[in-house]
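Chemist: Here is the input, now give the coordinates:
(chains A and B)
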Amino acid sequence: MTSYGWLSVLPPVLALGLAIKTKQVYVSLLLGIWLGWTIMSGWNPVAGLIASVNAMVAVFGDRDRTLIILLSAMIGALITFTQFSGGMAGFVSWVSAKGLVKDRRWAGVLAWSIGFVIFVEANIGVFVSGPVSRPIFDRLRISREKLAYILDSTAASKATIIPMNSWGAYIIGLLAAQGMDNPLRAMLTSIPLNIYAIVTIFMALVVVLTDADVGPMKKAERRVRTEGKLLSDGAEPLVATEVLMLASKPGVPARAANMVIPVVTIIVTVLIALYVTGNGNIMNGDGATSVFWAVTVGLTAAAVGYRVQGIMTLTEITDMFMKGVGGLIPIVILLVLAFVIGDTTRVLGTGDYVAQAARAGLTPAVIPAALFALSAVTSFSTGTSWGTWAIMMPIAIPMIGIIGLHPHLVIASVLGGGIFGDHCSPISDSTIISSMSAGTDHIDHVRTQLPYALAAAGITVVVYLVLGLLL
Amino acid sequence: MTEVGSLGILSVLPPIAAIVLAIWTKQVYLSLFAGIWIAWTILNAWNPLAGLVQSVDSLVAIFADTESTMIILLTVMIGALLTFTQYSGGMGGFVAWMTEKGIVKTRRSAGLLAWMVSVVIFVESTIGVLISGAVTRPLFDRLRISREKLSYILDSTCSAKAMLIPLNTWGAYITGLLIAQGVEAPVGLLATSLPLNFYGILAVGAALVVGVTNLEFGPMASAERRVVVEGKILRDGAEPLVAAEVLAVAVKEGVRPRPLNMLVPIGAVVISLPVLLLVTGAGDLMSGSGSVSAFWAVIMGLAVGGVMYRVQGIMSLNEITDMFMKGVGGMIPVGLLLVLAFGIGNASQALGTGPYVAQVTEAGLSPVVVPAALFVVSGIISFATGTSFGTWAIMTPIVIPMAGLMDLHPGLAFAAVLGGGLFGDHSSPISDSTIIASMAAGADHIDHVRTQLPYTLVVAGASLLLYLGLGLVL
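Modeler: You can find the predicted model right below:
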């Protein structure tokens, strides 16, 4: 393999720079990939383009990657299934009926729990929790900004902490692409080290329980209490987002079981499939195959259940499947691009080069903290955790072996850094969705939330510095 | 695993199960999957669980093949070409330009216009129908031509033109089916089968003749008399289906519709295709790689479209990405059907279905009547299921080995299957293109099916005679 030296850093730097400047994640990744293969084709851009496209097609030649791409898309069908069947609506009304929400604390806990419990997808929980909690918040005079903060804090963080969703599939895919032996185990072990996500989730809960408001949030809360204004003067709440969600089929009974059973089926099947493919050891199981089968079995269970109850016809089941899969195409394409930029930087030797440079310039102890900071800057500027991980994982993972770092700490620091921007960047989709779902002004939400996010990031950096010294 | 070719009559069980289930339940996807499952269950010594695992594995394994993957990818990317040309106003501009050119004053020119608009938009079967319906319906109403006539013209051009000018998903799909059967020059075989696809040619031709000459008979004649005498565009009590404009992507607001924004990207695809076939075939067009060429041609068309919309300021980068995702997402049903079609093809190959059917047919039927028989069987399946793609998925793995073993003219045998598939796609009341034609014309669906059937049966009869005749000659 030819060594490309500092040239090997150009493609990710270009992708990063373009993503930050243009906010176009797909185009930026594409151009980074193109530059990478052009360098490897002796600076012939046409040969580089052909090699880039061939690299994308070749992604499907790998069975594990194909499984991950297919299962990510199929998770879209799980989302349309549980919504159209009325299962999600039933679940939400069951949760709301149980919690006798009368005071401010319980309202906050309700918003937090709904966002957290619907972990099948990052943003759906936000979508569901917003409309359910907003009337309660309004009645109890809690600011819309507070609601948006609670929702946003549970969005991306819970999807990485409970990775039974496309997030888990995506992360496994990224780790597998870097040649990790047991990507599932690597992801699971890195969860407790994902300090940013954990701190963020619990900070929101603590704020809810203790009313510990700081900075702009404190003013917002005072405004509501003293003047009764749920929104700041001149605030422009984003349009309500019920439209973005798929409505339940008219006339269908809202039964929580229609969401709970498919989701539980998936969880149980994952464990069984891991046990089977790992020859009795769950941790050695084949992650991609197990999750793929679990999603397949979960969808089948849902379809059979809906058909037997007469909720959906066979044609509706097929239509909802197509609709769900079709809706996740953006994720599928990002996944393909992420795999390819990973391959490109691997062939270029980017990670090796960066690791050597880092070894010369930095003590290993500060590297996890540095990786977290770099990922956080990237995700804040681009608004995407997935795009950040796609660029950073191929750089970070080779460093583990070369510098001798704690592998799960490195993975967790990149994951946490990605979550930071996903959580609080004004251009992140989950930030925007939280504003929409809470019915708040977007800039007000970003402004009131930032102090909390920065505090969580600060705690994370300190913890990583300490862990970097210890591990 | 059982040895290939030793299964005898069992090898026809999976396609028959798929056909029967499809006809019975009208669920093409589930029926194809059930067929695949049965096939792999047989191959795994009747263990249904092992069969299921292997069925799913066989579907995943399809992506390991570069050519199959390229066909699946290019098929879904054609969806982006459709959203691009619609959202940019290119298609709208093109239709407006065509309508202005043809000064429609007479019944004849109205019929001709409806036919032309649909045929010219050959990039997709139903989009042309939807646009043509929207453009010509007011003209038909003004000139007092029945809605049934309009829906007949639209439906006849719908799938048949997409098949005869296969620079679209249809071509990609069929090439894919042929590649899955190990055909060496799939593009060449598709090209030879086009002039032999009598049903397609006659259906398109008949619609033109009827549109221009007012040659009517049967229920269509009474419908036309009703309009002319009583002035009723629709039968009393007819329930026209809702307008289908909603199905198409609206032009971006404030964009000036320019025909070039459709013609240039499509032109880029049309021109790149032969060039790439020449390059990949090392100078011989017919032996070029169809999948690689079409894949790159579609990428070229999309890139040209994306760049020119951006340069004109019609679409932002964000909108271009969004429309790409939207188009690809809308093609998922076709993509999935393709995967299942590959899957049943592979399963039939492993079972030896084609060779077995060929042996049986050789013993029972003279090779002369086989093309006609293939046409009839495919016609029945497609009429019963309403899908040409599904019919071809089941029949191609049977006909290709047969053609080799029985020494049939491959183009003729394959064209018979393609034409039979078109028959049901065209005239079956449960076919999506028949439904869309009723919607686009604003006709009562059953009225449309009833008035159209005599024409399609005449065309099918003529095709049958031609296949019998050519079976003797070729």
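
Chemist: And the residue of the stretch 351-471 of chain A that's closest to chain B?
Modeler: Closest approach between the stretch 351-471 of chain A and chain B, counting by CB to the nearest CB: A:I427, at 11.4 Å. In short, each C-beta sits where N, CA and C put it, glycine included.

Chemist: That residue contacts A:G387, doesn't it?
Modeler: No - at 11.4 Å, A:I427 does not count as touching A:G387 under the criterion of CB atoms under 8 Å.

Chemist: who has more neighbours, these two?
Modeler: More neighbours surround A:G387 than the other of A:I427 and A:G387, with 26 against 14 (other CB atoms under 10 Å in any protein chain shown).

Chemist: Contact partners for that one?
Modeler: By CB atoms under 8 Å, 6 or more residues apart in numbering or on different chains, A:G387 lies in contact with A:A19, A:V25, A:S28, A:L29, A:L334, A:A338, A:S379.

Chemist: pLDDT on stretch B:296-304, on average?
Modeler: For stretch B:296-304, the mean per-residue pLDDT is 93.

Chemist: Spit out the contact partners of B:I320.
Modeler: Counted by CB under 8 Å, 6+ apart, B:I320 has contacts B:F84, B:G306, B:Y309, B:R310.

Chemist: Return the member of these nearest to chain A.
Modeler: The shortest gap between chain A and any of the contacts of B:I320 belongs to B:G306, at 9.7 Å (CB to the nearest CB).

Chemist: Just confirm that closest one is within a strand.
Modeler: No - counting by DSSP: H, G, I helix; E, B strand; the rest coil, B:G306 is located in no strand; its state is helix.

Chemist: my read: it touches B:F84, true?
Modeler: Yes - counting by CB under 8 Å, B:G306 touches B:F84, with 7.3 Å between them.

Chemist: center of chain A, which residue is that?
Modeler: With distances taken as CA atoms, centre = their mean, the residue of chain A nearest its centroid is A:A156 (4.5 Å).

Chemist: Quick check: which element contains it?
Modeler: helix A:144-161 (DSSP states H and E).

Chemist: Would you map the helices across the stretch 201-350 of chain A?
Modeler: For the stretch 201-350 of chain A, the helices defined by DSSP state H, counting those that start in this stretch cover A:215-227, A:257-277, A:287-309, A:314-327, A:329-348, A:350-361.

Chemist: List the neighbours of stretch B:183-193 that are in contact with it.
Modeler: Outside stretch B:183-193, the residues touching it (CB under 8 Å, 6+ apart) are B:166, B:171, B:174-175, B:178-179, B:277, B:286-288, B:290, B:293, B:400, B:410-412, B:414-415, B:418.

Chemist: Extract the CA atoms of it and return them as PDB.
Modeler: C-alpha atoms of stretch B:183-193 as PDB (Å, rounded to 0.1, in the frame of the first residue of the first chain):
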ATOM      1  CA  VAL B 183     -28.300 -14.400 -20.600                       C
ATOM      2  CA  GLU B 184     -25.000 -13.200 -22.100                       C
ATOM      3  CA  ALA B 185     -26.300 -10.200 -24.200                       C
ATOM      4  CA  PRO B 186     -29.400  -9.100 -22.300                       C
ATOM      5  CA  VAL B 187     -29.600  -5.800 -24.100                       C
ATOM      6  CA  GLY B 188     -29.300  -7.500 -27.500                       C
ATOM      7  CA  LEU B 189     -32.100 -10.000 -26.600                       C
ATOM      8  CA  LEU B 190     -34.300  -7.200 -25.300                       C
ATOM      9  CA  ALA B 191     -33.700  -5.300 -28.600                       C
ATOM     10  CA  THR B 192     -34.500  -8.300 -30.800                       C
ATOM     11  CA  SER B 193     -37.700  -9.000 -28.800                       C
END
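
Chemist: Of the contacts of stretch B:183-193, just the buried ones, PyMOL syntax please.
Modeler: Selection of buried members from the contacts of stretch B:183-193 for PyMOL, criterion 16 or more other CB atoms under 10 Å in any protein chain shown:
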select buried, chain B and resi 166+171+174+175+178+179+277+288+290+293+400+410+411+412+414+415+418
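
Chemist: And the helix or strand where A:V128 lies, what does it pack against?
Modeler: Using DSSP H and E, A:V128 maps to helix A:122-139. Helix A:122-139 sits against helix A:87-98, helix A:104-117, helix A:144-161, helix A:429-438, with contacts defined as 3 or more CB pairs under 8 Å, 6 or more residues apart in numbering or on different chains; DSSP states H and E.

Chemist: Report the angle between the longest one and helix A:104-117.
Modeler: Going by axes from the mean of the first three to the mean of the last three CA atoms, to 10 degrees, helix A:144-161 is angled at 30 degrees with respect to helix A:104-117.

Chemist: What mean pLDDT does helix A:144-161 get?
Modeler: 91.

Chemist: right, and the helix or strand after that helix?
Modeler: helix A:166-177.

Chemist: C-terminal to that following helix, what's the next element?
Modeler: Heading C-terminal from helix A:166-177, the first helix or strand you meet, by DSSP H and E, is helix A:183-190.

Chemist: Show me what that following helix is packed up against.
Modeler: In terms of contacts (3+ CB pairs under 8 Å, 6+ apart), helix A:183-190 is packed against helix A:166-177, helix A:287-309, helix A:407-424.

Chemist: Enumerate every residue touching the residue in the stretch 301-450 of chain A positioned nearest to chain B.
Modeler: The stretch 301-450 of chain A approaches chain B most closely through A:G326 (3.4 Å), counting by CB to the nearest CB. Contacts here follow CB under 8 Å, 6+ apart; on that basis A:G326 touches A:G76, B:V328, B:G329, B:G330, B:M331, B:I332.

Chemist: Apply 7 Å and report the result again.
Modeler: Going by CB atoms under 7 Å, 6 or more residues apart in numbering or on different chains, A:G326 touches B:G329, B:G330, B:I332.

Chemist: And for A:I397?
Modeler: A:Q178, A:M180, A:G351.

Chemist: circling back: and the helices of the stretch 201-350 of chain A as a markdown table, adding mean pLDDT?
Modeler: Output for those, formatted as a markdown table (pLDDT from 0 to 100):
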| stretch | mean pLDDT |
| --- | --- |
| helix A:215-227 | 91 |
| helix A:257-277 | 87 |
| helix A:287-309 | 91 |
| helix A:314-327 | 88 |
| helix A:329-348 | 84 |
| helix A:350-361 | 79 |
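
Chemist: If I look at the closest residue to chain A within chain B, what pLDDT would I see?
Modeler: The nearest approach of chain B to chain A comes at B:G329, 3.4 Å away (CB to the nearest CB). Looking at B:G329, its pLDDT reads 86.

Chemist: Could you do B:L59 as well?
Modeler: The score at B:L59 is 94. That number is its pLDDT.

Chemist: Next, the angle from the strand or helix carrying it to helix A:287-309.
Modeler: Using DSSP H and E, B:L59 maps to helix B:48-61. Angular relation of helix B:48-61 and helix A:287-309 on a 0 to 180 degree scale: 120 degrees, by the same axes, to 10 degrees.
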